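>>> sequence first, predicted coordinates after that:
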Amino acid sequence: MKKALSQLFVRILDKNIRKEADSACVGFGYQPVMPEAVKKFKRKKKQ
């Protein structure tokens, strides 16, 4: 059960990181610099 929960947690985090890597701050506030480790999750732009 512990292994199944950890795999679920990893899948949820992976989807969240991919979503956040391709989005920007919608507010007028400060957007922190994205770490290099997250940049590899960005989608490639179609040309």
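Happy to help now that I have it.

>>> residues contacting stretch 9-26, please?
The contact list for stretch 9-26 (Cβ atoms under 8 Å, 6 or more residues apart in numbering) reads Q31, M34, V38, K39, F41, K42, R43. C-beta: built from backbone N, CA, C; applies to glycine.

>>> and F41, backbone torsions?
phi -90, psi -10 (degrees, to the nearest 10).

>>> what's near enough to touch it?
Going by Cβ under 8 Å, 6+ apart, F41 touches I17, R18, A21.

>>> any idea how far R43 is from F9?
Here F9 is placed at a distance of 23 Å from R43 (Cβ to Cβ, to the nearest Å).

>>> also L8?
L8 is 23 Å from R43, by Cβ to Cβ.

>>> what helix or strand is the residue nearest the centre of the chain on?
Centroid-nearest residue in the chain: I17, 1.2 Å away (criterion: Cα atoms, centre = their mean). For I17, the host element (DSSP states H and E) is helix 2-21.

>>> now that helix: mean pLDDT?
The average pLDDT for helix 2-21 rounds to 88.

>>> contact partners of the helix or strand following it?
Next along the chain after helix 2-21, taking DSSP H and E as the criterion, comes helix 36-39. Residues outside helix 36-39 that contact it (Cβ under 8 Å, 6+ apart) are I17, E20, A21.

>>> rebuild those residues as TSV, extending it with distance to K3.
Listed next are the contacts of helix 36-39 as TSV, based on distance: Cβ to Cβ, whole Å:
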residue	distance to K3
I17	21
E20	26
A21	27
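
>>> tell me the one of these nearest A4?
Among the contacts of helix 36-39, I17 lies closest to A4 (Cβ to Cβ), at 20.6 Å.

>>> and that closest one, how far is that from E36?
Where E36 is concerned, I17 sits at a distance of 13 Å (Cβ to Cβ).

>>> for P35, grab the count of nearby residues.
For P35, the neighbour count with other Cβ atoms under 10 Å is 7.

>>> contacting residues around it?
Not one residue lies near P35 by Cβ under 8 Å, 6+ apart.

>>> ok now the helix holding I17, how far from the chain's centre?
Distance of helix 2-21 from its chain centroid, counting by Cα atoms, centre = their mean, to the nearest Å, is 10 Å.
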